[in-house]
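> No letters, just coordinates:
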C-alpha cells in the first residue's frame, strides 16, 4: 500500500535546480517580452522584405538579391559574427503552365506544377483522367492507368499523411503506365487556390509530370467519375530542372559570455516558392528569430552560451541548406556543441508554445521556461516537435530541438498565391519574437546544458 507521503511525492511537480530560472533570467525574459511587444521594427522589416523580394525559389536572382539585402542589414545591426555558408542546390524553373478541361465541359482549371517536376513538352499531354482516392486503389485498378492522367483525390487529414500523394504520386502512377499526375491540393481549405510543393522521383520509374489542382475541381472531377462521365484534359508545363546553383545559408550570432563554444541555434528557411510572397513560409519565422537576437544585443543581454541565427536556404525543394549546415558544423567539431535548436516554420500567427524533442529532464526544463511566457499565453510546451531544417542536427547529433507552435490555419495558405502579408497581424508577429527570444535566451543562459540534463 502506498503511503500518503509516497502519493504526495508522486504528485509533486518535477523541479530543477534553483539556478535554472535565476532572478536574472526571469528579469531578462520580462525585458525581452516587453521590448518585443513594443517595437514595430520586425513588422516593418518583414513586410518590406516580402513586398520587395516575393518569389525566392532556389536558383532565382530574387532569392540571391534578397540574401544580399539581409547581409547588408545584419552588418548594420553589428552582430559578433556574420557568415555566408555556400550551398549547392537544385535549380528548378516552373515556366509557363496550364490545364484545360475538354470534356465533359470545356474550361481552364487553376493549377500549379509540382516543384522539381519534369515538363510535358511543347505539345502538352492530352488524356483521360482516372480518379483514385489512395495508393491502394491505384494498385487495385492498375490496368486502367495505362495512358491516363491519374488524379489523386485525397482529402486532407494531416500534413504527413496527405503530402505523400504529392511527393510520391508521380512515381506511383508511372509504375502503371500513367502519363501524368494531378494531385488534389494538400490543404485544409480552398477558394480555387492550388497548392504547390515538391515531388520526388526515385530513378526507378519513368519521370512523368505532376501538378496540383484545387480542392473544388478535384471533387468535381471525382463526382463526374462516379456518374460514369469521362474527364479529358490537356496539361502543359514548361517545367525544367537546370542542374545545380550556388546559394547560401546566412548566419549571425551573439557570442556567449562564459561558454561561447556551446551554441543555441534558431531561425527558419528564407527560400520560398515562386507564388505568393512567402510571408508565413517562412520569412516571418526568419525575421522573428532575427529580431529576437537583435533585441538581446540592444538590451545588453549576453547569455552564457552563443546564440546563433540561421537563415537556411533551399528548404522547399531540396533541404540542401539544412544538410550543408549539419555537415559544416560537424566538420568544425561543433555538432556536439549545439545544445539546442529552435525552428519557426508554421507561420507567425499567435504563438501558443513549443513542441519539444529531447530527454525527459530537458523537457522539464523547457516546461519551466515556458512559465516565463505566460504573459503572452505562449507557454504550452508539448512533447514532439522540431522542424525540417533542424531535423538533421537532431538525427546526426541528438541535438534537442523545438518548433514554434502557433494558432491560425497554416494549411489554408501553404504553398499558394495567398501566402501574403494580409494573413498576419503585427501583434502576433511581435508575440512570436517574444516567444523565440525568451526560449533561446533562457536555454543559452541556464547553468546546466540542456542536452546534458
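Now that the structure is in, tell me what you want to look at. None of these values were measured; they are calculated from a predicted model. Numbering: from 1, shown residues only.

> Going by neighbour count, which residues in stretch 164-181 are buried?
165-181 (16 or more other CB atoms under 10 Å). C-beta here means a position set from N, CA and C on the backbone, and glycine is covered the same way.

> Identify the residue nearest residue 444 in space, chain neighbours excluded?
residue 303 (3.7 Å; CB to CB, 6 or more residues apart in numbering).

> could you say which helix or strand contains that neighbour?
Under the criterion DSSP states H and E, no helix or strand holds residue 303.

> Could you pull up the contacting residues of it?
Residue 303 makes contacts with 254, 256-257, 264, 296, 441, 444-445, as judged by CB atoms under 8 Å, 6 or more residues apart in numbering.

> how many other residues sit next to residue 286?
Residue 286 has 26 neighbours, counted by other CB atoms under 10 Å.

> secondary structure class for it?
Secondary structure, DSSP: H, G, I helix; E, B strand; the rest coil: residue 286 is helix.

> Look up how far residue 159 lies from the nearest residue to it once chain neighbours are set aside.
Nearest residue to residue 286, sequence neighbours excluded (CB to CB, 6+ apart): residue 268, at 4.3 Å. Going from residue 268 to residue 159 by CB to CB, to the nearest Å gives 17 Å.

> tell me which element residue 126 falls in.
Assigned by DSSP H and E, residue 126 belongs to strand 125-132.

> which other residues reach whatever helix or strand comes next after that strand?
Remark: after strand 125-132, the chain's next helix or strand is helix 135-140, criterion DSSP H and E. For helix 135-140, the external contacting residues (CB under 8 Å, 6+ apart) are 132, 145, 150, 152, 165, 168, 172-173, 176.

> Would you list the strands that the strand holding residue 126 pairs with, along with their directions?
Note on strand 125-132: by DSSP bridges, its sheet partners are strand 149-152 (parallel), strand 232-237 (antiparallel).

> what comes up buried for the shortest one?
Of all the residues in strand 149-152, those buried under the rule 16+ other CB under 10 Å are 149-152.

> Same question for the longest one.
Residues 232-237 are the ones in strand 232-237 that count as buried (16+ other CB under 10 Å).

> all strands for the stretch 251-400 of the chain, in order.
Counting by DSSP state E, counting those that start in this stretch, the stretch 251-400 of the chain has strands at residues 259-269, 305-312, 338-343, 351-357, 380-383.

> would you list those in TSV and tack on mean neighbour count?
Conversion of the strands of the stretch 251-400 of the chain to TSV gives the following (neighbours: other CB atoms under 10 Å):
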stretch	mean neighbour count
strand 259-269	24
strand 305-312	28
strand 338-343	28
strand 351-357	23
strand 380-383	16
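
> between those, which gets nearest to residue 421?
Each of those has some distance to residue 421 by CB to CB; the shortest is strand 259-269, at 16.6 Å.

> List the neighbouring strands of the closest one plus their orientation.
strand 305-312 (parallel), strand 338-343 (parallel).

> Ok, which of those strands comes nearest residue 40?
Nearest of the strands paired with strand 259-269 (CB to CB): strand 305-312, 20.1 Å.

> Quick check: bridge partners of residue 259?
Under the criterion used (DSSP bridges), residue 259 bridges to residue 305.

> Could you chop this structure up by domain?
The chain breaks down into these domains under automatic domain parsing: 11-91+243-452, 95-238.

> Pick the most deeply packed of those domains.
Highest mean neighbour count among these (mean count of other CB atoms under 10 Å): domain 11-91+243-452, with a mean of 21.

> quick check, distance from that domain to the centre of its chain.
Mean C-alpha position of domain 11-91+243-452 versus that of the full chain (CA atoms, centre = their mean, to the nearest Å) differs by 11 Å.

> shouldn't residue 290 be in contact with residue 310?
No: using CB atoms under 8 Å, residue 290 is not in contact with residue 310, being 10.2 Å away.

> Quick check: neighbours shared by these two?
Common contact partners of residue 290 and residue 310 (CB under 8 Å, 6+ apart): residue 267.

> so of the buried residues of stretch 164-181, which ones are in strands?
180-181 (DSSP state E).

> helix or strand for the closest residue to residue 299 other than its chain neighbours, which one?
Spatial nearest neighbour of residue 299, excluding adjacent residues (CB to CB, 6+ apart): residue 31 at 5.6 Å. Element membership for residue 31 (DSSP H and E) is helix 23-37.

> Which neighbouring elements make contact with that helix?
Packing partners of helix 23-37 (3 or more CB pairs under 8 Å, 6 or more residues apart in numbering; DSSP states H and E): helix 284-298, helix 426-445.

> quick one on the thing from earlier: tell me the spacing between the residue nearest to residue 299 and residue 109.
Plainly put, residue 31 is 53 Å away from residue 109 if you go by CB to CB.

> quick one, what contacts residue 156?
Contacts for residue 156 (CB under 8 Å, 6+ apart) come out as 162, 186-188, 411.

> redo that, cut-off 6 Å
162, 188 (CB atoms under 6 Å, 6 or more residues apart in numbering).

> first to last residue in stretch 201-217, what's the distance?
26 Å (CA to CA, to the nearest Å).

> Distance from the chain centre to it, please.
21 Å.

> repeat for stretch 240-247
The chain centroid and the centroid of stretch 240-247 are separated by 21 Å, computed with CA atoms, centre = their mean.

> Would you mind checking the average pLDDT for it?
For stretch 240-247, mean pLDDT is 97.

> just stretch 389-402 next, same as before
Stretch 389-402 comes out at a mean pLDDT of 98.

> Same check on stretch 411-418?
Mean predicted confidence for stretch 411-418 is 97.

> Alright, that wraps it up for me.
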